[in-house]
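Asks: below is the sequence, then the predicted model.
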Amino acid sequence: MSRIRVTRRVLIGTAAVAVLAGGSSAVALAASSPSANVYKGCLSSAGALYNVHLNPSKAPTCRLHDKQITWNQTGPTGPAGATGTAGAAGSQGLKGDTGAAGATGTAGAAGPQGLKGDTGAAGAPGTAGAAGPQGLKGDTGAAGADGAAGPQGLKGDTGAAGPAGAQGPKGDTGPQGPAGPAVQTTTTVPSRYTFSTNGTGPTFPAFACPAGYYGSSGGYVLDLGQTEQNVEIIGGYPAVYEPAAHNYVAAHAGQSGTAWLMGINTSPSSTGGMSVYITCIK
């Protein structure tokens, strides 16, 4: 073990042991009595202590490559000692105070049946009981003598209808009824119309029905991008073909048109068209 050198002698008790653990910077000194004193010093690379101070106000100055260490006089706790032998039994102690009452115990088993007691005095009369149920009907008595005939009674109510009789024979065939209304046949004719953009005013295109059909009504769907602001539908009418004009014209009142005439007004900047659907009947 390396010799410990100190620059200042310090009394540490009756015995002191320095322990260095594997080059650690910690050094522990064990004394015969515990102490709150703190020692600070320097430990050289050769294992020698120097510049040791007791309860210094600042850390000591150590040489280059040496370590500064701190320790006190309280050593580590030793292992527990072996259990001692049991001592002799002591004398009998004084009687202790009476303890508090214990909790109530559970109920015991039922005792045997007691002897029959004496008959008690008669009780007061009870209140009257409720009336009993109706007795059974008695036997019919003997018939009495016939009385005199009474006056005629009032007419009774009409009895329920009797069961239906058997099916009678088939009757003669009746006359022919009047003819019913004619059944109309309806068809829808899809067409296509492209806008005129010359700005000359409304146009009146005609959409013809199939042969034998008459124009009844018309509808339309504007192409995507068209609005009611630049396309105006100003009317729809039944139309008939006028050979002299080589075109369809509006039908007169009461006249059935073979086509449907639509009035369409577009702005000069309108382009595109619309789909037209004509309903025709016959």
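Replies: All right, it came through fine.
Asks: shaky segments in the stretch 51-200 of the chain?
Replies: 74-76, 179-184, 195-200 (pLDDT under 70).
Asks: what about the strands in it?
Replies: For the stretch 51-200 of the chain, the strands defined by DSSP state E, counting those that start in this stretch occupy 67-72, 186-194.
Asks: who does the following helix or strand past the longest one pair up with?
Replies: Helices and strands here follow DSSP states H and E; after strand 186-194, the next one along the chain is strand 206-208. With DSSP bridges as the test, strand 206-208 is paired with strand 259-266 (antiparallel).
Asks: hey, C-alpha coordinates of the partner strand in PDB?
Replies: This file holds the C-alpha atoms of strand 259-266, laid out as PDB (Å, rounded to 0.1, in the frame of the first residue of the first chain):
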ATOM      1  CA  ALA A 259     -96.300  20.000 -86.800                       C
ATOM      2  CA  TRP A 260     -95.300  22.200 -83.900                       C
ATOM      3  CA  LEU A 261     -94.000  25.800 -84.500                       C
ATOM      4  CA  MET A 262     -91.700  27.500 -82.000                       C
ATOM      5  CA  GLY A 263     -90.700  31.100 -81.800                       C
ATOM      6  CA  ILE A 264     -87.000  31.500 -80.800                       C
ATOM      7  CA  ASN A 265     -85.200  34.800 -80.200                       C
ATOM      8  CA  THR A 266     -81.400  34.700 -79.800                       C
END
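Asks: next secondary structure after it?
Replies: Heading C-terminal from strand 259-266 (DSSP H and E), you reach strand 273-281.
Asks: hmm, back to that, turn the strands of the stretch 51-200 of the chain into CSV, columns for mean neighbour count and distance to Gly81.
Replies: (Each C-beta comes from the backbone N, C-alpha and C, glycine too.) What follows is the strands of the stretch 51-200 of the chain, written out as CSV (neighbours: other Cβ atoms under 10 Å; distance: least, Cβ to Cβ, whole Å):
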stretch, mean neighbour count, distance to Gly81
strand 67-72, 17, 24
strand 186-194, 13, 116
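Asks: indicate which one of the ones you listed is closest to Met274.
Replies: strand 186-194 (5.7 Å; Cβ to Cβ).
Asks: residues in contact with the closest one?
Replies: 205, 207-210, 213, 216, 220, 262, 264, 272-281 (Cβ atoms under 8 Å, 6 or more residues apart in numbering).
Asks: switch the cut-off to 6 Å
Replies: Residues outside strand 186-194 that contact it (Cβ atoms under 6 Å, 6 or more residues apart in numbering): Pro205, Phe207, Gly273, Met274, Val276, Tyr277, Ile278, Thr279, Cys280, Ile281.
Asks: mind listing what's buried along the longest strand along the chain?
Replies: Across the chain, the strand with the greatest residue count (assigned by DSSP state E) is strand 231-242. Buried residues in strand 231-242, defined by neighbour count with 16 or more other Cβ atoms under 10 Å: Val231, Ile233, Gly236, Tyr237, Pro238, Ala239, Val240.
Asks: now for the helix or strand just after that strand, which elements pack on it?
Replies: Following strand 231-242 in sequence order, the next helix or strand is strand 247-250 (DSSP H and E). When contacts are defined as 3 or more Cβ pairs under 6 Å, 6 or more residues apart in numbering; DSSP states H and E, strand 247-250 packs onto strand 231-242, strand 259-266.
Asks: list the contacts for Ala251?
Replies: Counted by Cβ under 6 Å, 6+ apart, Ala251 has contacts Pro238, Ala239, Val240, Gly257.
Asks: tally up the residues packed near the closest residue in space to it that isn't next to it in sequence, please.
Replies: Residue nearest to Ala251 in three dimensions, not counting chain neighbours: Gly257, with 3.9 Å by Cβ to Cβ, 6 or more residues apart in numbering. Using other Cβ atoms under 10 Å, the number of residues around Gly257 comes to 23.
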